[in-house]
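**Q** Sequence and predicted model, in that order:
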Protein chains: 2
Amino acid sequence: MSNLDQIAKLAGFSKATVSRVLNNSPHVSQETRSKILKIMQELDYVPNRNAISLSKGQTLQIGIITSTINEIVLAFLNSFVEVAGQYEFQTIIYTSGEDKKKELLAFEDLKRKRVDALVIISCVNDTDLLSTYCKYGPIVSWQRMDHTDIRSVAMDQYEGYMLALKHLIQKGYTRIANAFGRPRSINTHSRQRAYAYIMEQHNLPVLQHWNYSSIYNIRDGEQVVRDLLQYRDEFPQAILCSNDYVAVGIICEARRQLLNVPEDLAIVGFDNTELAHTMGITTIQNPIAAQAQNAFYMLSPQLVGYQMELHPLQYSLIERTTT
Amino acid sequence: MSNLDQIAKLAGFSKATVSRVLNNSPHVSQETRSKILKIMQELDYVPNRNAISLSKGQTLQIGIITSTINEIVLAFLNSFVEVAGQYEFQTIIYTSGEDKKKELLAFEDLKRKRVDALVIISCVNDTDLLSTYCKYGPIVSWQRMDHTDIRSVAMDQYEGYMLALKHLIQKGYTRIANAFGRPRSINTHSRQRAYAYIMEQHNLPVLQHWNYSSIYNIRDGEQVVRDLLQYRDEFPQAILCSNDYVAVGIICEARRQLLNVPEDLAIVGFDNTELAHTMGITTIQNPIAAQAQNAFYMLSPQLVGYQMELHPLQYSLIERTTT
DNA sequence: TTGAAAGCGGTACCAT
DNA sequence: ATGGTACCGCTTTCAA
């Protein structure tokens, strides 16, 4: 492998000039430039990224932290990787598997300058601890954080959940159950607030066992149906799901249990993923791609030197065949 | 941010000794070691990764190349990230979007020493071109490659497809259609061979319009059903899918078209993903996680200095309710 | 056991 | 426009 020094010697110029050519400096004569470029071609030269990173103190890499990669995360990830790539930033995935130690490794990598910035999709460490890393580089979060140092790109799910609830009530459903996600997360809290508000406003019944939490995926959704069936006489008419995958699980298990959707059980998903479209699930359109792009835009001042304008975010209801 | 030099000065030792402490060299007295460690603690010191990478010529990063991240890719990715992580290797995702130039960037990064090795999930560039990069670091592929320099961890799908075909025939289905993936890929070719062999052996009909290719996802699957319906009188009894997601699309669209599964149309998926389980799809169990681990194991001689034993791979048929 | 110094491969400031 | 050179922060060989 050839290096800058060799190119310089062969071309008969200094390292400095060769470096200028590499960085498209205007202070190189056309003649010199082409001469040096020719030699680079011949030697099949490419600059060593580690040397550049060390010298510049910037790696052009962004770390992205998630406890696990599922389909929801994927939508975010895909968009983020794309927008970051447009600005020549690469994305490194850190999956923690809910392991605090492992998760912290990502933050250490910010400190060690392996990555220039960090995006949190979901995390398990204490936010007070995590925010101490802010001094090493910019950090944004998808998951809503209860901390001022780490900004979040997520929307308040209160509005989105409200849309779903109003839709159900307008359709005449009154016995409404919930399958929430993370028990104490801000999102779940927002949803619970919306639910409590609407139910009280319309004077509708709220039963203890109509509220499930820690429901994340297809299997969890299946389990919810089996569980609800224990209370035959207090069966809900509709259920709001933490995401579309939970909705898929509920639909499939409901069918297996010979329940008709939506006659016996109406279902509303969340996120409007591909699968919701395919299976005809009524859901809340969640602009995940826009949020992923916003994540990069929020990092942009420190990464590329200027602020980019954030996408405006808005929920909407997609009515299909499950309500 | 503190560096090695500062630690050395404060401790009253040389950089070399501090470096030895960092790398757990046995040639440091216990006293010196603890003294230095204490100072590192106080200054909240962590070594700079770029400096280490530059000096050692190794980055502990592995690039993984895919045209797009879908749920199938995800299964592979997840396992790979995990096993690589166990050996302190990080994974960088390169999504090409089928763009040859963009894909080549990943290979350039091997040359530039941004990554120590490369894993190809799917790629679009000419294999002769790609194999020229082998001299810069180890490369393995999931997608089968028709090139000796780049080894593949994938299995020959002939056997897997055979299982599916035999199952259908044993169940009495004779009019069998195919939804293949990439038109000229080795996998598709293997499947076509299996299909041709079986159909001829059993003297079964083969119709031109029963063979679809470039069918990858849910939407493609839906389209296949709509297309098949044009030939009402030559409708197949069963269809083999390139993967489970295609199967999902076919099932959902079939239901929408009021076809009964499996009475009007039997369906066999491929891969045995979570979704196949949920929707009760008969499918071929494809050990994706094992293949991802094997990918790392194949890189291991050049990455960690010794060969790891590969998982044995085997297909099996999972019978559910769609056949 | 410890230290001095030459790399690793670039960047960027200061001269000329 | 070009060159000289001091970094960037760590590793590693050779001596002591």
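**A** All right, it came through fine. Numbers count the residues shown, from 1 in each chain, chains lettered A, B, ... in the order given.

**Q** how distant is whatever helix or strand A:Leu240 lives in from the center of its chain?
**A** Assigned by DSSP states H and E, A:Leu240 belongs to strand A:238-241. For strand A:238-241, the separation from the chain centroid amounts to 23 Å (computed by CA atoms, centre = their mean, to the nearest Å).

**Q** Surely A:Ile267 is within a strand?
**A** Yes - membership of A:Ile267 in a strand is supported by DSSP: H, G, I helix; E, B strand; the rest coil.

**Q** what's the pLDDT at the residue nearest to it when sequence neighbours are not counted?
**A** Once flanking residues are discounted, A:Ile267 sits nearest to A:Thr322: 4.2 Å by CB to CB, 6 or more residues apart in numbering or on different chains. In short, each C-beta sits where N, CA and C put it, glycine included. At A:Thr322, the model reports a pLDDT of 97.

**Q** which residues does A:Thr322 contact?
**A** A:247, A:251, A:261-262, A:266-269, A:280-282 (CB atoms under 8 Å, 6 or more residues apart in numbering or on different chains).

**Q** Which of those are buried, as a ChimeraX select command?
**A** Buried residues within these, by 16 or more other CB atoms under 10 Å in any protein chain shown, are selected in ChimeraX with:
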select /A:247,251,261,262,266,267,268,269,281,282
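
**Q** for DNA strand C, what are the nearby residues on chain A?
**A** Selection of chain A residues close to DNA strand C by CB under 7 Å from any atom of the strand yields A:1, A:3-5, A:15-16, A:19, A:22-23, A:45-48, A:50-52, A:54-56.

**Q** Inside helices: which ones of these?
**A** A:4-5, A:15-16, A:19, A:22, A:50-52, A:54-56 (DSSP state H).

**Q** need those residues in TSV with pLDDT, can you?
**A** Converted to TSV, those look like this (pLDDT from 0 to 100):
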residue	pLDDT
A:Leu4	93
A:Asp5	92
A:Lys15	92
A:Ala16	92
A:Ser19	94
A:Leu22	93
A:Asn50	96
A:Ala51	96
A:Ile52	96
A:Leu54	94
A:Ser55	95
A:Lys56	94
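
**Q** so which of those is the most crowded?
**A** Within those, A:Asn50 tops the neighbour count with 23 neighbours, counted by other CB atoms under 10 Å in any protein chain shown.

**Q** Just confirm it contacts B:Lys56, I think it does.
**A** No - A:Asn50 is beyond contact range of B:Lys56, at 9.2 Å (criterion: CB atoms under 8 Å).

**Q** about what we covered before: need the three-state assignment for the residue nearest to A:Ile267.
**A** Going by three-state DSSP: A:Thr322 is coil.

**Q** Distance of it relative to A:Asp44?
**A** With distances taken as CB to CB, to the nearest Å, A:Thr322 is found 58 Å from A:Asp44.

**Q** And A:Thr148, by the same measure?
**A** A:Thr148 is 50 Å from A:Asp44, by CB to CB.

**Q** which other helices and strands contact the strand holding A:Leu240?
**A** Here strand A:238-241 touches helix A:157-170, strand A:176-179, helix A:218-228, helix A:244-256, strand A:266-268, going by 3 or more CB pairs under 8 Å, 6 or more residues apart in numbering or on different chains; DSSP states H and E.

**Q** And those: which comes nearest B:Ser29?
**A** helix A:218-228 (55.5 Å; CB to CB).

**Q** Roughly how far does A:Ser79 sit from B:Pro205?
**A** In terms of CB to CB, A:Ser79 sits 46 Å off from B:Pro205.

**Q** Looking at those two, which is more packed in?
**A** Legend: neighbour count by other CB under 10 Å for A:Ser79 and B:Pro205, higher for A:Ser79 (20 against 11).

**Q** Excluding sequence neighbours, find me the nearest residue to the residue of the stretch 201-323 of chain A at minimum distance from DNA strand D.
**A** The nearest approach of the stretch 201-323 of chain A to DNA strand D comes at A:Gln302, 17.6 Å away (CB to the nearest atom of the strand). Spatial nearest neighbour of A:Gln302, chain neighbours left out: A:Pro138 (4.4 Å); criterion: CB to CB, 6+ apart.

**Q** Show the contacting residues for the one you found.
**A** A:117-118, A:298-299, A:301-303.

**Q** try A:His27
**A** A:His27 sits in contact with A:Arg20, where contact means CB under 8 Å, 6+ apart.

**Q** Next, give phi and psi for it.
**A** Dihedral angles of A:His27 (phi, psi; degrees, to the nearest 10) stand at phi -90, psi 50.

**Q** just the one 10 residues further on next, same as before
**A** With angles defined as degrees, to the nearest 10, A:Leu37 shows backbone torsions of phi -60, psi -40.

**Q** now it: how far from A:Phe13?
**A** For A:Leu37, the distance to A:Phe13 - CB to CB - is 12 Å.

**Q** same thing with A:Asn125?
**A** 51 Å.

**Q** Once you drop chain neighbours, what's closest to the spatially most central residue of chain A?
**A** Nearest to the geometric centre of chain A sits A:Phe76, at 4.0 Å (CA atoms, centre = their mean). Distance criterion CB to CB, 6+ apart; nearest residue to A:Phe76, sequence neighbours excluded, is A:Ala292 at 4.6 Å.
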